[in-house]
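Trainee: model this:
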Amino acid sequence: MSTIYLEHANITVNNLDNAVHFFKTAFPHFELRGGGESNGRKWIHFGDATTYVALNTSLEKKQLEKNYESSGINHIGFVVSDVDSIAKRLSDAGYGRSFPKQVEQFRIRDYFYDKDGNEYEFVEYLSEKESERNLYA
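Mentor: Alright, predicted model coming up:
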């Protein structure tokens, strides 16, 4: 069986420093992997050896209204080993939750917005069993 995982997400942001601050707060081990400029827009790859976010500056500084009723990406989810420590760092840094923390039988989920209004889910699984991890009742 082949291994499949999401290597990166490519996200356009209004301010690279703000975006890096959000991800560095959530994932202190993330580092700059590379970057440059293309078509008048700065870009960087920020992450670790396995996964990263590709961050690009926006040409127009505006924030689109995002909701779960329109087409498009609603949020990006990260599996983490300690959701509470990430949530504390993000809360302490002034980032807001988009939903209340969800504690379920086999997982804990917490959702936060970055300064551009992009939503991220952090999920900690409490079981190694696939059948329990995927229990949505």
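
Trainee: Pull up the gap between the residue nearest the centre of the chain and residue 113, please.
Mentor: Relative to the mean C-alpha position of the chain, the nearest C-alpha, by C-alpha atoms, centre = their mean, is the one of residue 120, at 4.0 Å. The gap separating residue 120 from residue 113 is 8 Å, by C-beta to C-beta, to the nearest Å. No exception for glycine: its C-beta is placed from N, CA and C like everyone else's.

Trainee: if we can go back for a sec, confidence score at the residue nearest to the centre of the chain?
Mentor: Per-residue confidence (pLDDT) for residue 120: 96.

Trainee: same thing with residue 4?
Mentor: At residue 4, pLDDT is 80.

Trainee: Helix or strand: which one has it?
Mentor: Per DSSP states H and E: residue 4 is located in neither a helix nor a strand.

Trainee: Bridge partners for the residue nearest to the centre of the chain, pull those for me.
Mentor: residue 76, residue 112 (DSSP bridges).

Trainee: Now do the same contact list for it.
Mentor: 26, 75-78, 111-114 (C-beta atoms under 8 Å, 6 or more residues apart in numbering).

Trainee: hmm, try it at 7 Å
Mentor: Contact analysis of residue 120 by C-beta atoms under 7 Å, 6 or more residues apart in numbering lists 75-76, 78, 111-112.

Trainee: Can you go through those and name the buried ones?
Mentor: Applying 16 or more other C-beta atoms under 10 Å to these, the neighbour count classes 78, 111-112 as buried.

Trainee: As TSV, those with pLDDT would be great.
Mentor: Output for the buried ones among the contacts of residue 120, formatted as TSV (pLDDT from 0 to 100):
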residue	pLDDT
78	95
111	97
112	97
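
Trainee: Can you lay out those residues as a markdown table showing distance to residue 136?
Mentor: Output for the buried ones among the contacts of residue 120, formatted as a markdown table (distance: C-beta to C-beta, whole Å):
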| residue | distance to residue 136 |
| --- | --- |
| 78 | 19 |
| 111 | 16 |
| 112 | 22 |
